[in-house]
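>>> sequence first, predicted model second:
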Amino acid sequence: MSLYPLKVEKNHLVSNGKNIILRGFSIADPYKIRNKDKIEVSFIINKIVELGGNVIRVPIRPDLWQTIPNFFELYIDEIVDECLKNDIYCVLDWHAIGNPIKNQTRMKESFIEKNGCKYYRYDSNIEIAYKFWAESSQRYVKKKNVIFEVFNEPAPGEKDIQKMELSALYWKEWKLCLEKLIEIIRINSNNLILISPVRWAYNLSNVAEYPLIGKNIAYSVHPYPIHTDWQENFEKVVGKFALVVTEWGFMEKTDQDFLRSNSVQYGVPILNYMEENHISWIAWCFDKSWDPKIVNSWEDRDYSNWGKFITQRLGEILRKPL
């Protein structure tokens, strides 16, 4: 297999003139994998390749990028190269959560303190995102397998959420920041860019009405079980724009309401819909602790219920005749 850069043509991702559907998994933060789990990230990539995945997604924490010198060299370069060696794509996910317009970050209790400054794990500061993408787009301009996901979860939606200390975020104002992010990346690279809508990368309604203009742009979506109107949400843009579901998954027993469901009510219907409509997807998370986790341990085939479901279904999909 030869891997080619991805392009967007109408509502399709295209590789060397042929439509392609991405199917794969997010991994956990590579710093955690190496320093806490004490395993090589290549071990996880090889497991994903064995399952038939053609893409992985790498969450890059803003706090680590800001506080670890040579972060790309230490943690990201090897992942990009390992994916390239295995002919699979690699999504670099700037794993920020919050309102970038108001500089309001979720879960500010999680931070690294260095030289008297606090660096937040999910820092939504748009100026930091601009700097990150200026550097990363230049660094990986020649890597044909790299995809840029510019902001993990812009939040909230069109209403304030006081208990989360988040002011309303509107697509039209977020779109202005996205246009600048795209401009920064395009100075260096024509690689595929993934754009997250507001409401935790979910609300596609305004995207349909006020889309971004540019080449090689697709929209990322996180339709977790809490979003019972996921089909209606998809219908606003399906067939019009290229879509990549960059996070999805479920847990049957959990205190996290947004994840609680099962394969019958959620897994089967949404996966069937994505396959029928040629929507690319990346399951969260090929890890033993980040929920909804796909593995219980790093022993072979020790999957959670969610992991059993998605790995089995991926195998069935890939075995279907073209």
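Looks like it came in fine.
>>> just the helices in the stretch 51-200 of the chain please.
62-67, 71, 77-85, 126-139, 171-186, 198-201 (DSSP state H, counting those that start in this stretch).
>>> give me phi/psi at the closest residue to His278 other than its chain neighbours?
Take His278 and drop its neighbours on the chain: the residue closest to it by CB to CB, 6 or more residues apart in numbering is Ile21, 5.8 Å away. All C-beta atoms are positioned from the backbone trio N, CA, C, and that covers glycine. Per-residue torsions, Ile21: phi -110, psi 130 (degrees, to the nearest 10).
>>> picking up where we left off before, tell me which of the helices of the stretch 51-200 of the chain is the most buried.
Stretch with highest mean neighbour count among the helices of the stretch 51-200 of the chain: helix 198-201 (a mean of 24; mean count of other CB atoms under 10 Å).
>>> in the helix or strand following that helix, what counts as buried?
Once the chain leaves helix 198-201, the next helix or strand it forms, by DSSP states H and E, is helix 205-209. Neighbour-count burial for helix 205-209, counted by 16 or more other CB atoms under 10 Å, picks out Ser205, Asn206, Val207.
>>> JSON lines for those, including distance to Leu181 and pLDDT?
Shown next, in JSON lines, are those (distance: CB to CB, whole Å; pLDDT from 0 to 100):
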{"residue": "Ser205", "distance to Leu181": "21", "pLDDT": "95"}
{"residue": "Asn206", "distance to Leu181": "17", "pLDDT": "93"}
{"residue": "Val207", "distance to Leu181": "15", "pLDDT": "95"}
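>>> nearest to Trp174, of the residues you listed?
Asn206 (9.1 Å; CB to CB).
>>> hmm, that closest one is touching Glu173, no?
No: contact between Asn206 and Glu173 fails when scored by CB atoms under 8 Å: they sit 10.8 Å apart.
>>> now list whatever residues contact both of these two.
The contact sets of Asn206 and Glu173 do not overlap (CB atoms under 8 Å, 6 or more residues apart in numbering).
>>> where does pLDDT dip in this structure?
Along the chain, the model assigns pLDDT under 70 to residues 1, 322.
>>> centroid residue for it?
Thr246 (3.9 Å; CA atoms, centre = their mean).
>>> that residue and Ile282, how far apart?
5 Å (CB to CB, to the nearest Å).
>>> need the residues touching each of the two.
Ser26, Arg57, Val91.
>>> how about the strands in the stretch 201-322 of the chain?
Using DSSP state E, counting those that start in this stretch, the strands of the stretch 201-322 of the chain run over 217-221, 243-245, 280-286.
>>> quick one: the shortest one to chain centroid distance?
It refers to strand 243-245. Put simply, strand 243-245 sits 9 Å off its chain's centre (CA atoms, centre = their mean, to the nearest Å).
>>> from the contact counts, what lies against it?
For strand 243-245, the packing partners by 3 or more CB pairs under 8 Å, 6 or more residues apart in numbering; DSSP states H and E come out as strand 217-221, strand 280-286.
>>> just these: most buried one?
Buried most deeply of the helices and strands packed on strand 243-245, by mean count of other CB under 10 Å, is strand 280-286, with a mean of 25.
>>> can you give me the angle that one makes with strand 217-221?
Strand 280-286 runs at 50 degrees relative to strand 217-221, counting by axes from the mean of the first three to the mean of the last three CA atoms, to 10 degrees.
>>> who does strand 280-286 pair up with?
Applying DSSP bridges, strand 280-286 is found paired with strand 23-27 (parallel), strand 243-245 (parallel).
>>> okay, those strands in a markdown table with mean neighbour count and distance to Arg319 next?
Converted to a markdown table, the strands paired with strand 280-286 look like this (neighbours: other CB atoms under 10 Å; distance: least, CB to CB, whole Å):
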| stretch | mean neighbour count | distance to Arg319 |
| --- | --- | --- |
| strand 23-27 | 24 | 13 |
| strand 243-245 | 24 | 21 |
